[in-house]
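Peer 1: I'll drop the sequence and a predicted model, then ask my questions.
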Amino acid sequence: MTSTEMPSATHRIVDFQRPPVAETALGVVFAPIAKWSLLHFGLFWERVRDKYPLTEVKPAAGPGELRFSSVDGLGLDAFPVRSVFTDQVGTQLIQVQRNAFIRNWRQTEQTAAYEHYDNVRPLFERDWTTFMDFLLAESLGEVEVVQCEVTYINHLVRGKEWESFEDVSRIFRLWSGGSIGQLPASQMVSFMTAYELPDKSGRLQIVVQPGLRKSDSKEIIQFGLTASGKPTASRTQDILQWLDVGHAAVVTSFRDLTTPEMHKQWGIK
């Protein structure tokens, strides 16, 4: 397991000039809000509409799916849906369902530069506080936090980080590559691994899989890292403290799992 460093005052534990990050997500999973209904999605939107004027309704995300964006009961009010509220350029968004709140940044053509955690963290705090105030005003009760998640999705593009799957060993330290016996080099690479975080504070999951980027249909290797765990309490300050720990785990593991050759390409500072 890679070591997790304590977050600094600026959270710039690892810094790259040109990181391959395509999307980040800060999420909170909580016990389902019993009184939540479909009407509350619209009422909450009124509170954030000036910042997030675009809306979309998607099926509710289940365990292990909360990090994806653009990834009970039979009554209408309990219908499992997720509302997505997005800013005008499509790069900042909130996802809300009756048992989760997720705050995403994603890369777009208009906003290609990576948005650092230093910038996203206060936006999460602002939007989460707005959500908490909304629950209080609507007498929906306090949330019981089950888990927090920090996810970074990286797109490694063919022709940039790699040319063939033989090059995967040039990207990841834990992949040796090459032929096996009479078999030639891999024609496709996909793997998943998970580690316990230090002090048993949570879990880090790593998923590597091939794909096509939606925006331009370029062939990519998608490299996702998700840290998840339960904060000591459900207060905002406890949630933020755990998110700092999760962020530290993700960025240090990204560095430790990839090679110096890639670090140089991404402009490590």
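Peer 2: Looks like it came in fine.
Peer 1: below-threshold pLDDT in the stretch 151-269 of the chain: ranges please.
Peer 2: Scanning the stretch 151-269 of the chain for pLDDT under 70 picks out 177-184.
Peer 1: all strands of it, in order?
Peer 2: 191-196, 203-212, 219-229 (DSSP state E, counting those that start in this stretch).
Peer 1: wait, which of these is closest to Leu240?
Peer 2: Comparing the strands of the stretch 151-269 of the chain against Leu240 with CB to CB, the closest turns out to be strand 219-229 (13.5 Å). All C-beta atoms are positioned from the backbone trio N, CA, C, and that covers glycine.
Peer 1: so what strands line up beside that closest one?
Peer 2: strand 145-157 (antiparallel), strand 203-212 (antiparallel) (DSSP bridges).
Peer 1: in stretch 47-56, which residues are buried?
Peer 2: Within stretch 47-56, the residues that count as buried by 16 or more other CB atoms under 10 Å are Arg47, Val48, Lys51, Tyr52.
Peer 1: stretch 259-268 too?
Peer 2: Met262, Gln265, Trp266, Ile268.
Peer 1: as JSON lines, the residues you listed with distance to Gln241 would be great.
Peer 2: What follows is those, written out as JSON lines (distance: CB to CB, whole Å):
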{"residue": "Met262", "distance to Gln241": "31"}
{"residue": "Gln265", "distance to Gln241": "33"}
{"residue": "Trp266", "distance to Gln241": "28"}
{"residue": "Ile268", "distance to Gln241": "27"}
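Peer 1: of the residues you listed, closest to His11?
Peer 2: The closest of those, once distances to His11 are taken by CB to CB, is Ile268, at 16.3 Å.
Peer 1: for that closest one, list the residues it contacts.
Peer 2: With CB atoms under 8 Å, 6 or more residues apart in numbering as the criterion, the residues that contact Ile268 are Val14, Asp15, Phe16, Gln17, Arg255.
Peer 1: quick check: bridge partners of it?
Peer 2: Phe16.
Peer 1: and Val84, by the same measure?
Peer 2: Glu56, Gln95.
Peer 1: any idea how far it lies from Pro32?
Peer 2: Using CB to CB, to the nearest Å, Val84 is found at 19 Å from Pro32.
Peer 1: next: Gly267.
Peer 2: On the measure of CB to CB, Gly267 and Pro32 end up 44 Å apart.
Peer 1: and the end-to-end length of stretch 109-120?
Peer 2: Start and end residues of stretch 109-120 are separated by 19 Å (CA to CA, to the nearest Å).
Peer 1: name the residues that touch it?
Peer 2: 10-12, 19, 21, 24, 26, 89-91, 103, 105, 107, 215, 247, 251.
Peer 1: determine which two of those are furthest apart.
Peer 2: So, the contacts of stretch 109-120 by CB to CB: farthest apart are Thr10 and Ser215, at 30.3 Å.
Peer 1: before we move on, back to that, any idea which of the strands paired with strand 219-229 is most buried?
Peer 2: Ranked by mean neighbour count, the strands paired with strand 219-229 are led by strand 145-157 with a mean of 21 (mean count of other CB atoms under 10 Å).
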